[in-house]
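Engineer: what shape does this take:
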Amino acid sequence: MTVEARVVVLPKEPGPLRIEEIGLPDPTGHEVLIKEFASGICHSQLHQIHNPRPTDLVLGHEATGEVVAVGDGVTNVTPGDRVLLTFQPRDLRTSDRMPVMATALVGSGQRAKSSNIFTWSTHTIADDQYVIPVAPDTPTDVTAIVGCAVLTGAGAVLRAAQVQPGQSVAIFGVGGVGLNAVAAARMAGADPIIAVDLDPEKLDLAARFGATAVVNAAEVDPVEVIRELTPGPAGAFGFRGTPIAGVDLAFDVVAQPATFDQAFRSARNGRNAVHAGGTTVVVGVPQEPFELDAVSMLMQEKKVQGTLGGTTVPEEDIPRFLDWYQAGDLDLDALVTSRVALDEINEAVKALEDGKVLGRSIIEF
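Structural biologist: Numbers count the residues shown, from 1 in each chain. A predicted model of the protein is given here:
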């Protein structure tokens, strides 16, 4: 039986997003058919909108929903289950099967592609690797952002960087993803936790989430301020007498050449044969190449690390982050700062482009 769905389509040719009514077929194999309650609007969708594409696309990669039907190969969920959707496979450590990328037959006659899943739609169909069962009383709105914003930001701190108590952290960019990195750094016992942004309202929100210091990069040189806040032991020096200073871990959530350079220079320089230098963790999605000061990386013994989606295991991490929310340790209600209807999607994208979304925006169906 075909299920009628309203879905946002990004056309191959430049132009506004359009909303289409399409039919989704009965799921087969490892497919799960889901009725959605809400979906997050992620900054990475702007990259898809602004970049050339060979076909129409269907967008969105985090949501809450309820299972309508499952294929005969699905064992982790059943009809009626409340679920979260994520673009990250739930646990590739336990399966060698390559999950299937969702597509949708749209009005152009093309089969529009997705980034593993699509969630800007009233209903969706997804491989069961991207579907995580949760408790029946899980809220249906603010939890929609757990599948990307929370996994990516908090996962970068806990999984990718494995921040330890007492380590110093700087987070460049404290929007929807960066705020989750701040919260996770607080939960990990990092100190200090330094938030860097150009928007004073975002910095105020970062302080609420656990930042112990905030730096407005529009007003001061963030590298100088961070090094002043994180001096090494008195008299300690690195290569050729350079004073030790900087954070153990600098997270670049913006992933632009300027923020990468600032994050890299903010990371602590090493002391030969005593301790290694700091690590710069690239969390955001770069849209152009970075220039790396390879000489400084060598002489100061620094590291650069990338993380896709926080290097998370959603089947384990999503329940953990929902527990944080229920315990009051992760304020998802404060993270969701904008709510729109599906028909307002073009306006919502424009607001995100213009920097008017402090935390995360969601579509409510």
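Engineer: check which residues of stretch 344-360 are buried.
Structural biologist: For stretch 344-360, the neighbour count (16 or more other C-beta atoms under 10 Å) marks Ile345, Ala348, Val349, Ala351, Leu352, Val357, Leu358, Gly359, Arg360 as buried. To be clear about C-beta, it is placed using only N, CA and C from the backbone, and glycine gets the same treatment.
Engineer: just stretch 175-190 next, same as before
Structural biologist: For stretch 175-190, by 16+ other C-beta under 10 Å, it's 175-188, 190.
Engineer: max-length strand in the chain?
Structural biologist: In the chain, ranked by residue count with DSSP state E as the criterion, the top strand is strand 31-41.
Engineer: would you map the helices across the stretch 251-365 of the chain?
Structural biologist: Along the stretch 251-365 of the chain, the stretches classed as helices by DSSP state H, counting those that start in this stretch are 257-266, 294-299, 314-327, 332-335, 345-353.
Engineer: check which helices and strands the first one sits against.
Structural biologist: With contacts defined as 3 or more C-beta pairs under 8 Å, 6 or more residues apart in numbering; DSSP states H and E, the packing partners of helix 257-266 are strand 169-172, helix 222-229, strand 249-252, strand 279-282, helix 294-299.
Engineer: same thing with the fourth one?
Structural biologist: Contact here means 3+ C-beta pairs under 8 Å, 6+ apart; on that basis helix 332-335 packs against helix 176-188, helix 200-209.
Engineer: hmm, who's touching the shortest one?
Structural biologist: The reference is to helix 200-209. 171, 174-175, 178-179, 182-183, 186, 195, 197, 211, 214-216, 331, 334, 358-359 (C-beta atoms under 8 Å, 6 or more residues apart in numbering).
Engineer: who touches the closest residue to Pro257 other than its chain neighbours in this structure?
Structural biologist: Among residues not flanking Pro257 along the chain, Phe290 sits closest, at 5.4 Å (C-beta to C-beta, 6 or more residues apart in numbering). Contact analysis of Phe290 by C-beta under 8 Å, 6+ apart lists Pro257, Phe260, Asp261.
Engineer: mind checking how far Phe290 is from Ala263?
Structural biologist: 10 Å (C-beta to C-beta, to the nearest Å).
Engineer: again with Cys148
Structural biologist: Relative to Ala263, and taking C-beta to C-beta, Cys148 is found at 21 Å.
Engineer: buried sites along stretch 79-96?
Structural biologist: Of the residues in stretch 79-96, those buried (16+ other C-beta under 10 Å) are Asp81, Arg82, Val83, Leu84, Leu85, Thr86, Phe87, Gln88, Pro89, Arg90, Asp91.
Engineer: my read: the second one touches Glu66, true?
Structural biologist: Yes - contact criterion C-beta atoms under 8 Å: Arg82 and Glu66 qualify, at 5.7 Å.
Engineer: domain map for the protein?
Structural biologist: 3-140+331-364, 149-309 (automatic domain parsing).
Engineer: who wins for proximity to Tyr325 among those?
Structural biologist: Across the domains of the chain, Tyr325 has its closest neighbour in domain 3-140+331-364 (5.1 Å, C-beta to C-beta).
Engineer: next one: the nearest residue to Val336 once chain neighbours are set aside, what pLDDT does it get?
Structural biologist: In this structure, Val336 finds its nearest non-sequential neighbour in Val142, 4.8 Å apart by C-beta to C-beta, 6+ apart. Here the pLDDT value assigned to Val142 is 97.
Engineer: look up phi and psi at Val142.
Structural biologist: Backbone torsions of Val142, given as degrees, to the nearest 10, read phi -70, psi -20.
Engineer: hang on, the earlier thing: now the helices and strands packed on helix 332-335 in CSV, with distance to Ala327 and mean pLDDT?
Structural biologist: Below are the helices and strands packed on helix 332-335 laid out as CSV (distance: least, C-beta to C-beta, whole Å; pLDDT from 0 to 100):
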stretch, distance to Ala327, mean pLDDT
helix 176-188, 10, 97
helix 200-209, 15, 96
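Engineer: now name the helix or strand holding Pro233.
Structural biologist: Pro233 is part of no helix or strand, with elements assigned from DSSP states H and E.
Engineer: any idea how far the nearest residue to it once chain neighbours are set aside is from Val274?
Structural biologist: In this structure, Pro233 finds its nearest non-sequential neighbour in Ile244, 6.9 Å apart by C-beta to C-beta, 6+ apart. According to C-beta to C-beta, Ile244 and Val274 sit 9 Å apart.
Engineer: and Ser39, by the same measure?
Structural biologist: Taking C-beta to C-beta, one finds Ser39 at 49 Å from Val274.
Engineer: which one's more surrounded, the two?
Structural biologist: Comparing Ser39 with Val274 by other C-beta atoms under 10 Å, the one with more neighbours is Ser39, at 31 against 10.
Engineer: how close does that one sit to Leu59?
Structural biologist: As judged by C-beta to C-beta, Ser39 and Leu59 stand 9 Å apart.
Engineer: same question, Ala207
Structural biologist: Applying C-beta to C-beta, the value for Ala207 to Leu59 is 32 Å.
Engineer: then Gln110?
Structural biologist: Gln110 is 15 Å from Leu59, where distance means C-beta to C-beta.
Engineer: one more: Glu315?
Structural biologist: 24 Å.
Engineer: looking at those two, which is more packed in?
Structural biologist: Set Glu315 next to Leu59 and count neighbours by other C-beta under 10 Å: Leu59 wins out with 26 against 18.
Engineer: spit out the contact partners of the residue nearest to Arg271 when sequence neighbours are not counted.
Structural biologist: Nearest residue to Arg271, sequence neighbours excluded (C-beta to C-beta, 6+ apart): Gly238, at 5.2 Å. The contact partners of Gly238, by C-beta under 8 Å, 6+ apart, come to Ile244, Asn269, Gly270, Arg271, Asn272, Gly277, Met299, Gln300.
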